[in-house]
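1. Quick one, what's the 3D model for this:
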Amino acid sequence: MGYKTDKHKFTLKLLGAPSWVDFRNKISTISDIATNSGLNTSYNTTYNNYNGKNIALNNQASHTPTLSLEWQYKINSNNILALKGYGVYGNTSFKDYTGTDVFGESSDLLDSNNTIDYNYIAAYNRGLKPNVLIKNDQPVTYFREPYVINGKKLFLNSSEFNTKNSGVSQTENFSKTQVYGSLVNYSTNLTSKLKLDVGLDLRKTVSRHTKYLNDLFGADGYLVDQLQNKSIYTTETFSLKDDLWNPFKTIKTIKVDYYKENITWYYGAYSQLQLNLKNFNFLLQGGYSENDFSKVTYDIFNTNLSESSNHVNLDSYNVKFGANWNVNSKNNIWFNAGLVSRVPILNYVFDFGTNKIKDGFKNENFESVEAGYTFLSKNFNLNLIAYMNYLDNSTEQLFETGYGVTGFTHDLSKRNSGVELDFTYKPFNRFTIYSSHSFGEGVYTKDAKYTEYDNNQTTNLYIKDTRIGSVPEWMSSLSLLIEPVRRLSFTLTGKYHDNFYSNTPAEQYDPVWYPKSYAVNDLKLPSFLLFDTSLKYKIKLNNEDLVNVGLSMNNIFDTLYITESTRSYLNNQNVPVLIQLMEVFFQQILKESMALIQPFLDQEELGTLQFNIDSKN
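-> Numbering: from 1, shown residues only. Just a heads-up that it's a prediction; the model follows:
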């Protein structure tokens, strides 16, 4: 919504909508697939029915409305002043389980469909006997002792781990965020070819973090804080997913485990200088900021009592330079280089459970260089980009299912480099070829460290020269677009992925915490080729506007492929066993492929193909 005159322009914006998603926090393993005959790509271990309703153990919900008001004042043809004020007020939550680890490597608490058995968990939570499961022909027993409070036996759940007596609960990590800020920007044309922008950025961020009970699964209650008192418990529950629309509503449900408030003041200044010549363009940007961090920890039993931390002041900066050369109407060359020093987030500055200021935190440093070339013509367009960037002193929190944030990995250094190429070729009317290619490498350039929150112990992670993983280092695609009639188009796309490495957590490269199974080498995953297709039609309206209507199908041949791995080669790993599991996986792919192509082959061709496959095995 806005209002505009010759000199003034006002813009009012209100953005934000409630959203939530159920998801799984445990992926299926190759061994799961190898030991279960029914392959199902949508398999979700942590989803099942309990008390007549379907429950996903993991859920994320959010509603964070943003309101902004901007005033732009055109002083004259060369000078413009812009002011903007904004505010963010909203809630986010993340559901997970708390207590006894039911999703360890053995995955004990699963029913006959290999999904979480909520009824079994409820029986365990109530202390019923016998609680015996047969796992690999061996009995697995879960049994817990009750608490005795005022002479009454109660089965109380808690957040305590490494024990079978804390029960299993669904809890909700909840955050309420408030951001208030303002921006001032002054833009002036110093000459007809030189433009300068300067600005100020001021904002305050307050985020309150706590945990609520979501589901007891049959237990008598949940200890409000098992570390301080093992007799005060609650049965009150809250779910943001069920009450998303009003972010201003006061939540009166009892908080559990922790309640803290993080406060950040940000003061920033920036400038940008642009020089535009006939065939050359230059850009120079720079910024500096001060960050003031503080924290308030509340008494979980009496939230009117609190303790405030000392303030920590940190500064950051960024510099960027860019140049562009328009050689002629068909050729263009550009270059960018940047340097960023970024302060750590507040959770790395203060101890997680107290207001203690940590030692050794430092700014992240990011350096990047990239260059590109563009060619444009009537029937052929091409883009070529080469890049290299370094990230040093990076810090990441370690989130473990069932435990929450247990520590942080720091002193991470990463290097990413590569080349990207894409082109479009239109040999004749109504037929277009589009192709893109990316070749790169992502590696850790030195070893890192991990610090546990509970005991503040620091260990070394031996990750130097291993792959960062998670994204294929070689990606190529080829698309063919045909327009048989006007406004109707058909597209077929093939996508090839290779040099794909596992996204192994850096924490696994730790011989202290994992003396028998620490990671030693990265794992290269199999390459794969996928095909997608789409059909689109443009409907012309009376006012000359067009509406696109289409159908699309991804992975049209239903190819089975590995998209993610969080494991690597371990120091005691029997590699042939892993290979055997991979063979089982790909034998299943071959069987599905045979079933797909069998109708198109005669018996002689089918026999020859089957013989070749069996011979390779």
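
2. Using CSV, list the CA coordinates for stretch 295-310.
-> Taking Å, rounded to 0.1, in the frame of the first residue of the first chain, the C-alpha atoms of stretch 295-310 are listed here in CSV:
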residue,chain,number,x,y,z
LYS,A,295,21.8,-12.3,27.8
VAL,A,296,19.2,-12.8,30.5
THR,A,297,18.6,-16.2,32.2
TYR,A,298,15.3,-16.7,34.0
ASP,A,299,14.5,-19.0,37.0
ILE,A,300,12.5,-21.7,35.4
PHE,A,301,10.4,-22.1,38.6
ASN,A,302,9.8,-18.4,39.1
THR,A,303,10.2,-16.4,35.8
ASN,A,304,10.0,-13.1,37.8
LEU,A,305,13.5,-13.8,38.9
SER,A,306,16.3,-13.4,36.4
GLU,A,307,20.1,-12.8,36.1
SER,A,308,21.6,-10.5,33.4
SER,A,309,25.0,-11.0,31.8
ASN,A,310,27.8,-8.6,31.1
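
3. outside of that stretch, which residues touch it?
-> Stretch 295-310 has contacts (CB atoms under 8 Å, 6 or more residues apart in numbering) with 224-225, 228-229, 232, 255-263, 294, 346, 350, 354-355, 357. Quick note: C-beta positions are derived from backbone N, CA and C, even for glycine.

4. Distance from the chain centre to it, please.
-> 31 Å (CA atoms, centre = their mean, to the nearest Å).

5. can you map out the strands along the stretch 1-150 of the chain?
-> Listed in chain order, the strands of the stretch 1-150 of the chain (DSSP state E, counting those that start in this stretch) span 2-4, 8-15, 19-23, 47-50, 53-56, 58-63, 66-76, 79-99, 132-135, 138-141, 147-149.

6. Which of these has the lowest mean pLDDT?
-> Ranked by mean pLDDT, those end with strand 132-135 at the bottom, a mean of 60.

7. Output the below-cut-off pLDDT ranges for the stretch 351-500 of the chain.
-> Where the stretch 351-500 of the chain drops to pLDDT under 70, the residues are 399-405, 454.

8. mind running it again at 80?
-> Applying pLDDT under 80 to the stretch 351-500 of the chain flags the ranges 352-353, 359-360, 397-407, 453-456.

9. circling back to that earlier point, which one, of the strands of the stretch 1-150 of the chain, ends up nearest to Thr115?
-> strand 47-50 (4.7 Å; CB to CB).

10. Which strands and helices lie in contact with the closest one?
-> Using 3 or more CB pairs under 8 Å, 6 or more residues apart in numbering; DSSP states H and E, the elements in contact with strand 47-50 are strand 53-56, helix 118-125.

11. List the buried residues in the longest one.
-> By neighbour count with 16 or more other CB atoms under 10 Å, helix 118-125 contains the buried residues 118, 120-125.

12. how far off strand 79-99 does that helix point, in degrees?
-> Computed by axes from the mean of the first three to the mean of the last three CA atoms, to 10 degrees, the angle separating helix 118-125 from strand 79-99 equals 70 degrees.

13. now the helices: where do they sit in the stretch 251-400 of the chain?
-> 346-349 (DSSP state H, counting those that start in this stretch).

14. just the stretch 451-600 of the chain next, same as before
-> 575-597.

15. Spatially nearest residue to Pro505, not counting backbone neighbours?
-> Of all residues not flanking Pro505 in the chain, Thr566 sits nearest, at 6.4 Å (CB to CB, 6 or more residues apart in numbering).

16. and the one you found, backbone torsions?
-> phi -110, psi 20 (degrees, to the nearest 10).

17. what mean pLDDT does stretch 567-587 have?
-> Mean pLDDT, stretch 567-587: 53.

18. same for the longest strand that the chain contains, what does it pack against?
-> Using DSSP state E to define each element, the chain has its longest strand at strand 404-428. Under the contact criterion of 3+ CB pairs under 8 Å, 6+ apart, strand 404-428 touches helix 346-349, strand 380-400, strand 431-444, strand 448-452.

19. Any idea which of the ones you listed gets closest to Asn78?
-> Across those, closest to Asn78 is strand 380-400 (CB to CB), at 34.6 Å.

20. Just give me the neighbour total for Leu12.
-> 11 (other CB atoms under 10 Å).

21. Ser502 contacts Ser565, correct?
-> Yes: counting by CB atoms under 8 Å, Ser565 is a contact partner of Ser502 at 3.7 Å.

22. which residues do those two both contact?
-> 469, 523, 525.

23. Buried among the residues you listed? Need that as a selection in PyMOL.
-> Restricted to buried positions by 16+ other CB under 10 Å, the PyMOL selection for the shared contacts of Ser502 and Ser565 reads:
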select buried, resi 469+523+525
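
24. Quick check: closest non-adjacent residue to Gly90.
-> Per CB to CB, 6+ apart, closest to Gly90 is Thr64, 2.8 Å.

25. can I assume that neighbour is in contact with Ser19?
-> No: using CB under 8 Å, Thr64 is not in contact with Ser19; the gap is 9.6 Å.

26. Could you check which of these two is surrounded by more residues?
-> When neighbours are counted by other CB under 10 Å, Thr64 and Ser19 differ, and Thr64 comes out ahead with 20 against 13.

27. quick one on the thing from earlier: what's the closest of the helices and strands packed on strand 47-50 to Thr188?
-> strand 53-56 (54.5 Å).

28. May I see the buried residues of the closest one?
-> 55-56.

29. residues in contact with it?
-> Counting by CB under 8 Å, 6+ apart, residues outside strand 53-56 touching it are 22-24, 44, 46-49, 95, 118, 170, 215.

30. and with 7 Å instead?
-> Strand 53-56 is touched from outside by 22, 46-48, 118, with contacts defined as CB atoms under 7 Å, 6 or more residues apart in numbering.

31. again with stretch 330-343
-> Outside stretch 330-343, the residues within contact range by CB under 7 Å, 6+ apart are 291, 314, 316-327, 363-377.

32. Kindly recompute the last result at 6 Å.
-> 291, 314, 316-326, 363-377 (CB atoms under 6 Å, 6 or more residues apart in numbering).

33. ditto for stretch 481-491
-> 430-432, 479, 534-538.

34. Now which of those would you call buried?
-> The buried subset of these (16+ other CB under 10 Å) comprises 432, 479, 534, 536.

35. wait, the first one sits on Lys426?
-> Yes: A contact is recorded between Thr432 and Lys426 when judged using CB atoms under 6 Å, the distance being 4.9 Å.

36. intersection of neighbour lists for these two?
-> By CB under 6 Å, 6+ apart, no residue touches both Thr432 and Lys426.

37. picking that back up, quick check, nearest of the buried residues of helix 118-125 to Gly2?
-> Of all the buried residues of helix 118-125, the one with the least separation from Gly2 (CB to CB) is Tyr118, at 51.6 Å.

38. If you drop the residues flanking it in sequence, what lies closest to the closest one?
-> Per CB to CB, 6+ apart, closest to Tyr118 is Tyr50, 3.7 Å.

39. likewise Thr163?
-> In space, and not counting its chain neighbours, Thr163 is closest to Thr100: 7.0 Å by CB to CB, 6+ apart.

40. for the one you found, what are its contacts?
-> Thr100 touches 164, 166, 168, counting by CB under 6 Å, 6+ apart.

41. By neighbours, which of these wins?
-> Val168 (27 neighbours).

42. does that one really touch Asp96, like I thought?
-> No: here Val168 lies out of contact with Asp96, judged by CB under 6 Å, at a distance of 11.1 Å.
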